[in-house]
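**Q** Okay, sequence plus prediction incoming.
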Amino acid sequence: MDYLSKFISYLRATKNLSVKTLFAYKSDLHQFFSFEQNILKPDICSFISHLSSQLKLKDTSIRRKIITLKCFYSYLVDTEVMDRSPFAKLKFRFKQERKLPKTIAVRDVSKILNCFDSVEFDSLSRFAKSEYTRDAALIDLLISTDIRIGEAAAITLNDIIVSERTLLIHGKGRKQRLIYISSPITWTRIVALLKERKNSDGCNGLFVNRYGRPISIHGIEYIYKKYLKKAKIGTYSTPHYLRHTFATNLLANGADLRSVQEILGHASIATTQIYTEVTTQRKKQVLNKFNYRNKL
């Protein structure tokens, strides 16, 4: 019996999961099926040991695969293929390292933006003007908002509410949120790109590649690296560092945690709270004022 395809069809019909999440479930189960000879009498502990000791996977990856398997075997129990789940008496514990979000220095962000300010636009070729307009709007949008690169790649012309200076963002788990563009310069660059895109035929995406197709996350990463190089920034970073930098500076400048949670689109405030560990400005103020050692 083809348990895998039936399970994926069940998830697609009942869980409203994204294509990316469904692919992750399918990939995890393919790996498990390749290891396990008898799906209905599995040796779960041996598989977990295989992932850890032989494949050297991180605890976060192993935990995800356990969640996939638990869901799969719950499905088999619900459909009466099995009487009970092999996870009924199994418990796995992992030490989860709490990593702080990585940010990019504000001075380096300024250097990136300066790359666009120093360009003589009128001297560019038609193609170079188009590329500049796209790159300036894309990079500035990533800097001045919280959006992920996958969310930026998914923005369409219909997602832009010009009268409100707002973008409709399609986030993780098919959750939507509205993002207000507070920077006049960022908004001007988006409007410039919007005018250019409305005059083009075909793709409805806001950010497109040279072939007129929606830009990929790899394309955005390439553009970001290009401007890191132009700005002569030697420190390693990815576009996602800009999201962390945005959130950290919101909190450092006095924004409340609940508002930042809503802006970032976090389901749990605990996820947002980790950014308070990154910002040191508030801690410096408290310690400078209240640490008794300062007066000894």
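**A** That came through, no problem.
**Q** okay, and for the stretch 101-250 of the chain, where does confidence drop off?
**A** For the stretch 101-250 of the chain, the stretches with pLDDT under 70 are 201.
**Q** if we go to 50?
**A** By pLDDT under 50, the stretch 101-250 of the chain contains no weakly predicted segment.
**Q** would you list every one of the strands in it?
**A** Under the criterion DSSP state E, counting those that start in this stretch, the stretch 101-250 of the chain carries strands at the ranges 160-161, 166-170, 176-180.
**Q** quick one: contacts of the first one?
**A** Applying C-beta atoms under 8 Å, 6 or more residues apart in numbering, the set of residues contacting strand 160-161 from outside is Thr166, Leu167, Leu168, Leu178, Ile190, Leu194, Leu206. (Glycine included, C-beta is placed from N, CA and C.)
**Q** Now, of those, which are buried?
**A** Neighbour counting with 16 or more other C-beta atoms under 10 Å marks Leu167, Ile190, Leu194, Leu206 as buried within those.
**Q** Pipe the strands of the stretch 101-250 of the chain into CSV and attach distance to Ser237 per row.
**A** Shown next, in CSV, are the strands of the stretch 101-250 of the chain (distance: least, C-beta to C-beta, whole Å):
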stretch, distance to Ser237
strand 160-161, 27
strand 166-170, 22
strand 176-180, 22
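**Q** Which stretch among those approaches Gln31 most closely?
**A** Closest approach to Gln31 among the strands of the stretch 101-250 of the chain (C-beta to C-beta): strand 166-170, 29.1 Å.
**Q** For the closest one, which helices and strands make contact with it?
**A** Judged by 3 or more C-beta pairs under 8 Å, 6 or more residues apart in numbering; DSSP states H and E, the packing partners of strand 166-170 are strand 160-161, strand 176-180.
**Q** Can you add distance to Leu264 and give those strands back as a markdown table?
**A** As requested, those are arranged in a markdown table below (distance: least, C-beta to C-beta, whole Å):
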| stretch | distance to Leu264 |
| --- | --- |
| strand 160-161 | 20 |
| strand 176-180 | 9 |
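**Q** Out of those strands, which gets nearest to Ile112?
**A** Of the helices and strands packed on strand 166-170, the one closest to Ile112 (C-beta to C-beta) turns out to be strand 176-180, at 19.9 Å.
**Q** strand partners of that closest one, parallel vs antiparallel please.
**A** strand 166-170 (antiparallel) (DSSP bridges).
**Q** chain center to the strand it pairs with: distance?
**A** Strand 166-170 sits 15 Å away from the centroid of its parent chain (C-alpha atoms, centre = their mean, to the nearest Å).
**Q** Over to stretch 49-56?
**A** Distance of stretch 49-56 from the chain centroid (C-alpha atoms, centre = their mean) equals 27 Å.
**Q** Could you number the chain from 212 rather than 1 from now on?
**A** OK, 212 is where the count begins now, so the last one is stretch 260-267.
**Q** What separates the first and last residues of it, distance-wise?
**A** Terminal residues of stretch 260-267 lie 10 Å apart, using C-alpha to C-alpha, to the nearest Å.
**Q** Ile431: what's its closest spatial neighbour, skipping adjacent residues?
**A** Of all residues not flanking Ile431 in the chain, Ile360 sits nearest, at 4.5 Å (C-beta to C-beta, 6 or more residues apart in numbering).
**Q** Tell me the one of the contacts of strand 371-372 nearest Thr279?
**A** Nearest to Thr279 among the contacts of strand 371-372: Leu379, at 30.9 Å, using C-beta to C-beta.
**Q** Contacts only, for the nearest residue to that closest one once chain neighbours are set aside.
**A** With C-beta to C-beta, 6+ apart as the criterion, Leu379 has its nearest non-adjacent residue at 4.2 Å, and that residue is Asp370. By C-beta under 8 Å, 6+ apart, the contact set of Asp370 is Leu378, Leu379, Ile380, His381, Leu417.
**Q** I'd like to know which of the residues you listed is nearest to Ala481.
**A** Nearest member of the contacts of Asp370 to Ala481, counting by C-beta to C-beta, is Ile380, at 21.6 Å.
**Q** Ala364 reaches Pro425, doesn't it?
**A** Yes - assessed by C-beta atoms under 8 Å, Ala364 is found in contact with Pro425 at 6.4 Å.
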